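Engineer: Kindly return the folded structure for what I paste below:
(chains A and B)
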Amino acid sequence: MRGEWTLVWNELRHGLATALAAAGIDAGDRLAKVELAIPRERSHGDWTTNLAMILAKAAKQPPRAVADAIAKHFPLEGTPFSAVEVAGPGFLNFRYRDTFVAALPVRILSEGGAYGRSDAGAGEKVLVEFVSANPTGPMNIVSARAAAVGSSLVRLLDMAGFASASEFYVNDAGNQVDLLGESMAARFAEHIGESRPFPEEGYRGEYVRTLAAELPDAEARAALARPDGARWFRDQALVRMIEWQKRDLAAYGVTFDRWFLESVLHPGAVDKTREQLIERGVTYRAEKPEGVTEAAEARVGANEGAAGGSGIALWLRATQFGDSMDRVITRSDGRPTYLLPDIAYHLDKRTRGFRTAINLWGPDHHAYITTLTAGLKALGLEEDFLHVLIVQQVNLLRDGQAVKMSKRAGEFDTLTDLIDEVGADCAKFFFLMRSTTSHLDFDLALAKKQNDENPAFYVQYAHARICSVIAKGAELGLAAATGEPTELTDAAETSLVRQLATWPEVVRGAAQAREPHRIPTFLVETAAEFHRFYHACRVADPAQPALSRHRLRLCAAAAQVLRNGLALMGVSAPERLERSEEGLA
RNA sequence: GCGCCCGUAGCUCAACUGGAUAGAGCGUCAGCCUCCGGAGCUGAAGGUUACAGGUUCGACCCCUGUCGGGCGCACCA
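Structural biologist: Down below sits the predicted model:
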């Protein structure tokens, strides 16, 4: 091993490169993309690769012949592997040395919270933007899923060697905020017994009334009397709303490196972006988009009312960059559409040095991916700069029955409601458990159960159980072994160590695929692996002190891995779980 | 009408970017504590991966079509 934070993955890659060179096989750039995996089937070894099968065609040799050549030249010396075998149609299967396995618990404990960390991301700067809800109401359930996934992804990327940061984009410059201000002014007027018309599309939620009543009385009265007083109400509403959202998220354990206000882009950055697009010749002025089909034209006609005015607008030639149609970036009245500041914002991200922007969006925005991507390509940004993860909707259930999520006061709808009902740990575990592309059925009754139906408790229980057995060992005067490698005497022990050995690879894979759900999946498997071991092997046995000390250390290593995984999820790892009344059912 | 996402065991979901015999939990059935937390463990049953073609050594994964479910569709964000 070349030292900590080096992946077995890297060792394999180097070994394969050496073997290919020695065997005289030209892999081209294939090696960079080849699959190195941990096989599901343990009898297939600890690592496997399909490299030989990939190269067979170009090498004009049967896959097994290529595999044999690679196996023959693979330099095992100094690697974690003792053997490489050719199997099946041409797989190369690698097996860990016993000494590597025996040394692993020592290594896990010495690396501690850093076990699993790697340099796979090579320090690439990645900005993860998520939630970014309009500052016009409290955090809701949809945001709760995005917050759990986004914050976990940031930690995951960091652990895999990316330079990651989190950001919340605040739409504080649009109509919606003006409407909020107007709504607030009207509610304040109502509060002091005056009348002021409530805006047509205003925010009718009870929370606006609450916030209005908290405004400083004298200042608010003065603003109400001024002709431009709506602006004061807007600014007040904005500040209070953002603080509220920050509080809600903080209670959930989610914070952001930066809250980016859209308003800072106006007018400078927005104008500059428009000029750049014009200079690049990717815009035109027209009443209608160029090259629309008759069918599309008919639809425009049908939507004229909703579409707004007719007149000369500035269009982006989005179709040249993969979009299905051209898009307006400046309305006929001169105001920019949402697209232009969005482009300006992402240009700003790129200018700050981020090589990748990962955005978490709701399913209602998926069509916008091609539009924004087209806008960024039109500016000359890398095609793969923007990476959008669609976080699918959440269906709340209670004992199998759908829970209505309504904006109206009193109904179950907010993040705070959710935390109050099931707790932040459990909510996050459930949100992270599924891939973001899956619709998620969230059963409140299930999440509240503290029993075996609940995977969040299954993992936390494994951790608590380990802490308990370590405490038991201490009672008996048995401490975890230090220094010397672990003696593995039982198949269940070896199986557990091998599971723990995969952790750095799981972190790397999950980070590069941007799939945080692999973490809870791994933790559930690890917990199961631990329980199996615990069932098969007595850990704290005064009659066998030497063996006990080795097993206690293995337990401590397992606890460390569980803690590291739960930490990535933002879920706590309690040392004790108290039985609740419901849990006894 | 067009576009995107989804469809895997009775239910909720995995399957490591195209790999070896598609796996977990719940539910059902049958077992396991003189022992460290039974909130646990072991086993059984349960599948034409919606359907029909195609691509190749190999497909839940890629391509085409069909059927279902969700979402979006033009100077709202």
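Engineer: Then residue A:492 would be within a strand, right?
Structural biologist: No - the assignment for residue A:492 by DSSP: H, G, I helix; E, B strand; the rest coil gives helix, which leaves it out of any strand.
Engineer: who touches it in this structure?
Structural biologist: A:532, A:533, A:535, A:536, A:537 (Cβ atoms under 8 Å, 6 or more residues apart in numbering). Backbone N, C-alpha and C define where each C-beta goes, glycine included.
Engineer: can you rerun that using 6 Å?
Structural biologist: A:532, A:533, A:536, A:537 (Cβ atoms under 6 Å, 6 or more residues apart in numbering).
Engineer: Now the buried members of the residues you listed.
Structural biologist: For the contacts of residue A:492, a neighbour count by 16 or more other Cβ atoms under 10 Å gives the buried set as A:533, A:537.
Engineer: Throw the contacts of residue A:492 into JSON lines and include pLDDT, thanks.
Structural biologist: Listed next are the contacts of residue A:492 as JSON lines, based on pLDDT from 0 to 100:
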{"residue": "A:532", "pLDDT": "93"}
{"residue": "A:533", "pLDDT": "94"}
{"residue": "A:536", "pLDDT": "92"}
{"residue": "A:537", "pLDDT": "93"}
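Engineer: any idea which of the contacts of residue A:492 is closest to residue A:21?
Structural biologist: Nearest to residue A:21 among the contacts of residue A:492 is residue A:533, at 41.3 Å by Cβ to Cβ.
Engineer: Tell me which helix or strand the closest one sits in.
Structural biologist: Secondary-structure assignment from DSSP states H and E places residue A:533 in helix A:518-536.
Engineer: rewinding a little: dump the contacts of residue A:492 into JSON lines; add distance to RNA strand B as well.
Structural biologist: Converted to JSON lines, those look like this (distance: Cβ to the nearest atom of the strand, whole Å):
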{"residue": "A:532", "distance to RNA strand B": "4"}
{"residue": "A:533", "distance to RNA strand B": "8"}
{"residue": "A:536", "distance to RNA strand B": "7"}
{"residue": "A:537", "distance to RNA strand B": "6"}
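Engineer: Show me where chain A dips below the pLDDT cut-off.
Structural biologist: Chain A contains residues with pLDDT under 70 at A:1-6, A:32-33, A:291-310, A:400, A:404-412, A:450-453, A:579-585.
Engineer: care to break it down by domain?
Structural biologist: Each domain of chain A is listed here as a residue range: A:8-96, A:175-254, A:455-584, per automatic domain parsing.
Engineer: Make JSON lines out of these and add distance to residue A:417.
Structural biologist: Formatted as JSON lines, the entries for the domains of chain A read as follows, by distance: least, Cβ to Cβ, whole Å:
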{"stretch": "domain A:8-96", "distance to residue A:417": "40"}
{"stretch": "domain A:175-254", "distance to residue A:417": "11"}
{"stretch": "domain A:455-584", "distance to residue A:417": "18"}
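Engineer: what's the single longest helix in chain A?
Structural biologist: Counting by DSSP state H, the longest helix found in chain A is helix A:545-569.
Engineer: any idea which element the residue nearest in space to the middle of chain A lies in?
Structural biologist: Centre of chain A computed as the mean C-alpha position; nearest residue by Cα atoms, centre = their mean is residue A:153, 3.1 Å away. Secondary structure here is read from DSSP H and E; on that basis residue A:153 sits in helix A:141-159.
Engineer: how about the helices in the stretch 1-150 of chain A?
Structural biologist: Listed from the start of the chain, the stretch 1-150 of chain A has helices (DSSP state H, counting those that start in this stretch) covering A:8-23, A:30-33, A:51-59, A:63-73, A:98-111, A:141-159.
Engineer: Please tell me how far the fifth one is from the chain's geometric centre.
Structural biologist: Here helix A:98-111 shows a centroid-to-chain-centroid distance of 29 Å under the convention Cα atoms, centre = their mean, to the nearest Å.
Engineer: what about the residue nearest to residue A:91 when sequence neighbours are not counted, how many neighbours?
Structural biologist: Take residue A:91 and drop its neighbours on the chain: the residue closest to it by Cβ to Cβ, 6 or more residues apart in numbering is residue A:48, 5.4 Å away. Residues lying near residue A:48 (other Cβ atoms under 10 Å) number 23.
Engineer: for residue A:570, same thing?
Structural biologist: When neighbours are defined as other Cβ under 10 Å, residue A:570 has 19 of them.
Engineer: same for the helix holding residue A:533, what does it pack against?
Structural biologist: With contacts taken as 3 or more Cβ pairs under 6 Å, 6 or more residues apart in numbering; DSSP states H and E, helix A:518-536 sits against helix A:455-475, helix A:491-501, helix A:503-513, helix A:545-569.
Engineer: The last one - contacts with which helices or strands?
Structural biologist: Just to be clear, that refers to helix A:545-569. Using 3+ Cβ pairs under 6 Å, 6+ apart as the test, helix A:545-569 ends up in contact with helix A:98-111, helix A:141-159, helix A:455-475, helix A:518-536.
Engineer: Tell me what angle the last one forms with helix A:545-569.
Structural biologist: Right, helix A:518-536. 160 degrees (axes from the mean of the first three to the mean of the last three Cα atoms, to 10 degrees).
Engineer: At which residues are the strands of the stretch 301-450 of chain A located?
Structural biologist: Read by DSSP state E, counting those that start in this stretch, the stretch 301-450 of chain A holds these strands, from start to end of the chain: A:313-316, A:327-330, A:356-361, A:386-390, A:394-398, A:401-402, A:440-443.
Engineer: now these in JSON lines, with distance to RNA strand B?
Structural biologist: Compiled in JSON lines, the strands of the stretch 301-450 of chain A are given as follows (distance: least, Cβ to the nearest atom of the strand, whole Å):
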{"stretch": "strand A:313-316", "distance to RNA strand B": "3"}
{"stretch": "strand A:327-330", "distance to RNA strand B": "4"}
{"stretch": "strand A:356-361", "distance to RNA strand B": "9"}
{"stretch": "strand A:386-390", "distance to RNA strand B": "6"}
{"stretch": "strand A:394-398", "distance to RNA strand B": "7"}
{"stretch": "strand A:401-402", "distance to RNA strand B": "12"}
{"stretch": "strand A:440-443", "distance to RNA strand B": "4"}
